[in-house]
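*Asks:* Next input, structure requested:
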Amino acid sequence: MSTTTETRTRTGAGPEPVTGRLATLARRLADRRRIAMLLVALIAAAAAVLGADTESKLSAGGYTPSSAEAVQADRMLADRFKAGAPNVVLVARSDDGVDKAAAANAGRELTERIARTEGVVYAQSYWTSGDRQLRSDDKRTGLVLIRLGGDDNHVHHLVTDLVPEVTGRQGPLDVKATGLAQINAEADEQSATDLTRAELLAAPLTLLILLATFGSVVAALVPALVGLVSVVGTYAVLRLLAETTSVSIFALNITTALGFGLAVDYSLFVVTRYREELAAGREVTEAIAASLRRAGRTVLFSAVTVALSLAALLVFPIYFLRSLAYAGIVVVVIAATATVLLMPPLLALIGHRIDKWDVFAPLRRKLPGARSPERGLWHRLALAVMRRPLVVGATVAIALAALALPFTQARFALMDDRVLPRGAASQVASDTIRQEFRDAQTSPVMVVAPDLDPGSGEVAAYAQRLSALPGTVRVDSAAGTYADGSRAAGPGEAAAAFRGDGGTWLSVVSDRDAGSAAGEDYVRAVRAVDAPGTVLVGGDAATQVDTKESLSDRLPWAGAIIAISMFVLLFLFSGSVIIPIKQLVLNTLSLTASFGAMVYVFQDGHLKWLVGDFVHTGQLEVTVPILMFCVAFGLSMDYSVFLLSRIREEYLATGDNTRAVAFGMERTGRLITAAALIVAIVLGALATSELSILKLLGAGLALAVLVDATLVRGLLVPAAMRLLGHVNWWAPKPLKKLHRKFGLKDG
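*Replies:* The predicted model follows:
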């Protein structure tokens, strides 16, 4: 409630009717409340039916750019040569030894059966190839290497059909599966289980926070209902998006949490404003109109800021990130739309009963500031900070900057089996390979020479140069096997595997871990070797190099999109050029703790008990920091808008910057804290996931939101606003004129 409204109330004059497009919309929806609610119910029911099978339509994988050299090499190997790195590996163990007749016969039969399966590019094993590197040193375990063809979705369907048929007891063999395709399949299954757990945890905690915030059971249920409608709409949107583009399975976990949290937050602010307007003496319909004019405008603007922050993900050529951007933007729109269209008829039906069953009324009346905003906790905190703004601001800023220091030691890699919970079948099988098959060629570097004659002498010369590279174990080619710069074996029968529909390829086996920095350096060394014409270098290590380079190349563009769009929007909102710059800096500071914790906890493995057990690898999944930054930055700007809207409202009424900051803090402090707690719980529930990638996202986003709502909004914002004083609202005269013409107006 603004100062002018307070003055009118004290002098006995009734509040003036509000005008504006949002106010008009609110009145119409309130007047037609029953029809509007019936339409909402029908739309929600249709969305629930449409989204019922959403999970089955979402995609696995999508973590590498389709245009990368390694991906092109991989595709060419499959199409031309029926080759390529295996994406499924079976680990078959026999306690009696894999060379015993029964085990050998079972291994050969299993491999041949797999090779005959539709969609399998190749299947080879210790028993069919005789390659001793596919047998463990104790001779009790053998490997089956399988390449499934097609895109990520096709491979996902193939592996979910194939693996149950070829694992478990296969005669005398006990078989487990791993490989990228199987890891993705297990991650998909686990994410569905985790989603149910997160929803069951977040829903009751959210209701408790709403009840503690409003006191009234009725007022608490209103935002929860809007959040539920938003989640139902999210499922339907993901289902429709999946029909037009690949959408990551993880979008279901992330966007439902984001949509529910934002919808609850948005409606929380509208309900609060509605209660204020009723207290100011407005009738129900006019209170709804006034609420939507002020809070609704802020909700729509906040939704735009979050959507634009998520839009920065679209610059990355990886459909895991792009699909989250598409889904996230639409979900934000759904949350804002549900708030604006559902709240007026819902509040009209409730009317003055919004405070019914106020279980905390006696306690709330005893709290400081219950009768006078000037005595409230947040008002007093703002004044205390503004008495020593430089000391408080500098101390908090330095502390937050220090929390980011661990991130300077961050190391990045692609997702592997260790994203799964400890003891998962793929994780156990992969551990067996790491421990017992150190020299197995499960992740060789593949070099494709599409225009080179396999019978040419240049093949031998090129293989010889590659074999001389430090770290090379051997090079297999159409010209034979090479090691240490010389030929170790002639071509033999295996040479046929390096011939196809034009060109040839070479398998380069190294002693470098494909997921390590040494493995990346080895790929760069292979690409630097003088080649006979055009070559494409692929394999797991090359894919990691190409993905990281692709992401780093696009980072400046993503940063520019966020910075420029946020600056323009905040200028249109505030009419100032100082506030947008200040908010960009403060929002960045709010992320420091999350990015520091990302390394300290999830990369280095400290304090794991805080989030539950997981396998730490000394590296971070390369896409997670980007996703976390875009989502968290948007949420931080979301809270900035709610606070600034109340500060600006009071400043325009009084011209007193200090009073406006204290007023805005008091009016929004409790709400922003409640909203942040709700979003932190909803997103933090992802930290209960058994998948370390979701655990990292949930914990990181929850921490970022809490830091933003407490240290940044509670201390840094009032300190910075006081230090800058009236300069906060400064803009050059041409821009002031531009704002008067195009700036965002009330209602």
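*Asks:* Need the residues that contact stretch 523-530.
*Replies:* Outside of stretch 523-530, the residues that reach it under the criterion C-beta atoms under 8 Å, 6 or more residues apart in numbering are 445, 447, 462, 465-466, 469-471, 508, 537, 539, 541-542, 545. From N, CA and C alone the C-beta is placed, and that goes for glycine too.
*Asks:* do you know how far Val641 is from Ala675?
*Replies:* Distance, Val641 to Ala675, by C-beta to C-beta, to the nearest Å: 12 Å.
*Asks:* host element of Asp553?
*Replies:* Secondary structure assigned from DSSP states H and E places Asp553 in helix 540-574.
*Asks:* what helices or strands is that helix leaning on?
*Replies:* helix 69-81, helix 297-311, strand 445-449, helix 517-528, helix 578-589, helix 624-654, helix 733-742 (3 or more C-beta pairs under 8 Å, 6 or more residues apart in numbering; DSSP states H and E).
*Asks:* Can I get the ones you listed in CSV including mean pLDDT?
*Replies:* Converted to CSV, the helices and strands packed on helix 540-574 look like this (pLDDT from 0 to 100):
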stretch, mean pLDDT
helix 69-81, 89
helix 297-311, 90
strand 445-449, 93
helix 517-528, 93
helix 578-589, 93
helix 624-654, 88
helix 733-742, 87
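*Asks:* Of those, which stretch is the most buried?
*Replies:* strand 445-449 (a mean of 27; mean count of other C-beta atoms under 10 Å).
*Asks:* OK, contacts around Gly539?
*Replies:* By C-beta under 8 Å, 6+ apart, the contact set of Gly539 is 70, 73-74, 85, 443-446, 514, 523.
*Asks:* Could you check how far the residue positioned nearest the centre of the chain is from Lys548?
*Replies:* Residue closest to the mean C-alpha point of the chain, counted by C-alpha atoms, centre = their mean, is Leu627 at 4.4 Å. According to C-beta to C-beta, Leu627 and Lys548 sit 15 Å apart.
*Asks:* same deal with Thr24?
*Replies:* 52 Å.
*Asks:* same thing with Gly714?
*Replies:* 37 Å.
*Asks:* what does stretch 649-660 rub up against?
*Replies:* Identification of contacts with stretch 649-660 by C-beta under 8 Å, 6+ apart yields 2-4, 294, 383, 386, 647-648, 663-664, 721-722, 725-726, 728-729.
*Asks:* tell me which of the residues you listed is nearest to Pro344?
*Replies:* Proximity of the contacts of stretch 649-660 to Pro344, judged by C-beta to C-beta, is greatest for Arg294, which lies at 13.5 Å.
*Asks:* That closest one touches Thr272, doesn't it?
*Replies:* No: in this structure, Arg294 is not within contact of Thr272 by C-beta atoms under 8 Å, at 10.6 Å.
*Asks:* So which of these two has more stuff around it?
*Replies:* For the pair Arg294 and Thr272, the greater number of neighbours falls to Arg294 (26 against 22), based on other C-beta atoms under 10 Å.
*Asks:* check contacts around Leu324.
*Replies:* If you count contacts by C-beta under 8 Å, 6+ apart, then Leu324 has 248, 250-251, 254-255, 310, 313, 627 around it.
*Asks:* Out of those, which sit inside helices?
*Replies:* With DSSP state H as the criterion, helices contain 250-251, 254-255, 310, 627 from among those.
*Asks:* Can you tell me, leaving aside adjacent residues, what's nearest to Asp152?
*Replies:* Leaving aside its sequence neighbours, Asp152 sits nearest to Gly61 (C-beta to C-beta, 6 or more residues apart in numbering; 3.5 Å).
*Asks:* need the helix or strand of the protein with the lowest average pLDDT.
*Replies:* helix 3-10 (a mean of 39; mean pLDDT, DSSP states H and E).
*Asks:* how far is the helix or strand following that one from where the chain is centred?
*Replies:* Sequence-wise, the next helix or strand downstream of helix 3-10 (DSSP H and E) is helix 21-31. Averaging C-alpha positions (C-alpha atoms, centre = their mean, to the nearest Å) puts helix 21-31 36 Å from its chain's average.
*Asks:* In contact with the nearest residue to Val91 once chain neighbours are set aside: list those residues for me.
*Replies:* Nearest residue to Val91, sequence neighbours excluded (C-beta to C-beta, 6+ apart): Ala429, at 4.4 Å. By C-beta under 8 Å, 6+ apart, the contact set of Ala429 is 89, 91, 176-178, 417.
*Asks:* I appreciate the help and will end here.
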